[in-house]
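Novice: here's my sequence, what's the structure:
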Amino acid sequence: MPQTVVADLERLMTLTRAQLRAIDGPDADVIALVEHSRDEQIELCELADLAADRDDEETARHHEQEAAAWRETARLLTLHLALRHGVSDRTSGVA
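Specialist: Below is the predicted model of the structure:
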């Protein structure tokens, strides 16, 4: 995996060391991590909405930031899969 992707994933601190090691495993393992990341993002967005409904802006912002980190994790994992299969950033649709 390109070092910049690894460094970016480590910086986000969303994945465990074991999950980071799994990134170089079979595609199915990486796809499972993408799905996990998206699930976490959805859950945190819902929690942010609930906090906002209670006028708890600090908690809402915290959940929004965590959701953004999981969204970026899913993006980077998807990019990793695309690069692994020789698809460039530009043609993969990965932003």
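
Novice: list the contacts of residue 72.
Specialist: With Cβ atoms under 8 Å, 6 or more residues apart in numbering as the criterion, the residues that contact residue 72 are 8, 12. For the C-beta atoms, the positions are set from N, CA and C on the backbone; glycine is no exception.

Novice: and it, how far from residue 11?
Specialist: As defined by Cβ to Cβ, to the nearest Å, residue 72 lies at a distance of 9 Å from residue 11.

Novice: ok, residue 59 next?
Specialist: With the distance defined as Cβ to Cβ, residue 59 ends up 24 Å from residue 11.

Novice: all helices for this structure, in order.
Specialist: If DSSP state H is used as the criterion, the helices of the chain fall at 3-12, 17-22, 27-53, 57-84, 89-92.

Novice: could you say which of the ones you listed is packed most deeply?
Specialist: Comparing the helices of the chain by mean neighbour count (mean count of other Cβ atoms under 10 Å), helix 57-84 ranks first with a mean of 17.

Novice: any idea of the mean pLDDT in that one?
Specialist: Per-residue confidence for helix 57-84 averages out to 97 on the pLDDT scale.

Novice: so which residue is dead centre in the chain?
Specialist: Nearest to the centroid of the C-alpha atoms of the chain, with distances taken as Cα atoms, centre = their mean, sits residue 73, at 1.9 Å.

Novice: so that residue touches residue 39, yeah?
Specialist: No: using Cβ atoms under 8 Å as the test, residue 73 is too far from residue 39 to be in contact (11.3 Å).

Novice: for the closest residue to residue 13 other than its chain neighbours, list the residues it contacts.
Specialist: Leaving aside its sequence neighbours, residue 13 sits nearest to residue 69 (Cβ to Cβ, 6 or more residues apart in numbering; 7.6 Å). When the contact criterion is Cβ under 8 Å, 6+ apart, the partners of residue 69 are 12, 13, 14.
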